[in-house]
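Q: pasting the sequence and the predicted coordinates here, then a few questions.
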Amino acid sequence: MKASAQSQSLLIELQLIDNALVGAANRLRAIPEREQITAILTRLAKSAEELAVVEAELADVTIDLRRSEIDVEQVAERMKKDDLRLSSGGASPKELESLQHELVSLAKRKSELEDTELEIMLRHDSVKTRVEELRSDEVGLQKLELELNVRLENSVAEIEKEIAVKKAERIALTPQIEQPLLDLYEKVRTSNSGMGAALLVGNTCKGCNLAINAIEVERIKTLEADEVLRCEECRTILVRI
Ligand SMILES: [Zn+2]
């Protein structure tokens, strides 16, 4: 194939634009915030599950605590009544003895109930602390997710802008390249991991960085500038400088 040296030289510019487009697409896929956001969403989901369990436990313990407080209040109330009856002076000796007996057993009962109340109170405090921790974690994670989303959007916008610029450059450049050469470049590039054209520097193909054999180098020297060359190793279109 023959193509003007100008067209061949523009292929190198086109290759640089295409390299930049591939690089930008790779960076777009590999923005680190994407993985970080996924990790945070997983943690938020786990945290929400635990929070639901712990909040249900807190509701139960709160009811237990309320019940226990009422139990203690009822016994205290009963003791108060007995005390009043004792101090009224109107009770018979038999009744006095019975009241005193009852007061002793009520005091014992009250002490037991207060111990239970204290245990429930401690459990209530511990569950409440865990709920607060989880809620605070959740707020922190949500804040971080928002920040990461902003950073992700900024990175995406920046790379997409770069892609738009490179695409515009490509649209402006391709009409300046002879169509058969451009077609060949596209064909080679598709089957050659994105490499369609490379410079021949000295006796080295800059596509695969391998040296062209001496006989081929000598042959190339005899060829006209409009002769389109291909690297024998990587099949890339070789552009002479
Ligand atoms: Zn090569």
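A: Received, thanks. Numbering: from 1, shown residues only.
Q: interface residues of this structure facing the ion?
A: 205, 207-208, 231, 233-234, 236 (C-beta under 5 Å from the ion). Using the backbone N, CA and C atoms, a C-beta is placed for each residue, glycine as well.
Q: now with 6 Å?
A: Contact residues, the chain versus the ion (C-beta under 6 Å from the ion): 205, 207-208, 210, 231, 233-234, 236.
Q: can I see the domain layout of this protein?
A: 5-25+178-240, 31-174 (automatic domain parsing).
Q: quick check: mean pLDDT across stretch 75-87?
A: The average pLDDT within stretch 75-87 is 95.
Q: buried ones in it?
A: Across stretch 75-87, burial judged by 16 or more other C-beta atoms under 10 Å covers 75, 79, 82, 85.
Q: so what touches stretch 147-162?
A: With contact meaning C-beta atoms under 8 Å, 6 or more residues apart in numbering, stretch 147-162 is reached by 20, 24, 27-28, 31, 33-34, 36-37, 40.
Q: so what does Arg230 have for phi and psi?
A: Main-chain torsions, Arg230, degrees, to the nearest 10: phi -130, psi 140.
Q: okay, helices next: where are they in the chain?
A: Ranges of helices in the chain, per DSSP state H, are 5-29, 32-88, 93-173, 179-191, 214-222.
Q: quick one on the thing from earlier: please spell out the PyMOL selection for the buried subset of the contacts of stretch 147-162.
A: Per 16+ other C-beta under 10 Å, the buried members of the contacts of stretch 147-162 correspond to this PyMOL selection:
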select buried, resi 20+24+28+31+33+36+37+40
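Q: would you turn the contacts of stretch 147-162 into JSON lines with distance to Leu148?
A: Listed next are those as JSON lines, based on distance: C-beta to C-beta, whole Å:
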{"residue": "Ala20", "distance to Leu148": "26"}
{"residue": "Ala24", "distance to Leu148": "21"}
{"residue": "Arg27", "distance to Leu148": "17"}
{"residue": "Leu28", "distance to Leu148": "16"}
{"residue": "Ile31", "distance to Leu148": "10"}
{"residue": "Glu33", "distance to Leu148": "5"}
{"residue": "Arg34", "distance to Leu148": "9"}
{"residue": "Gln36", "distance to Leu148": "5"}
{"residue": "Ile37", "distance to Leu148": "5"}
{"residue": "Ile40", "distance to Leu148": "7"}
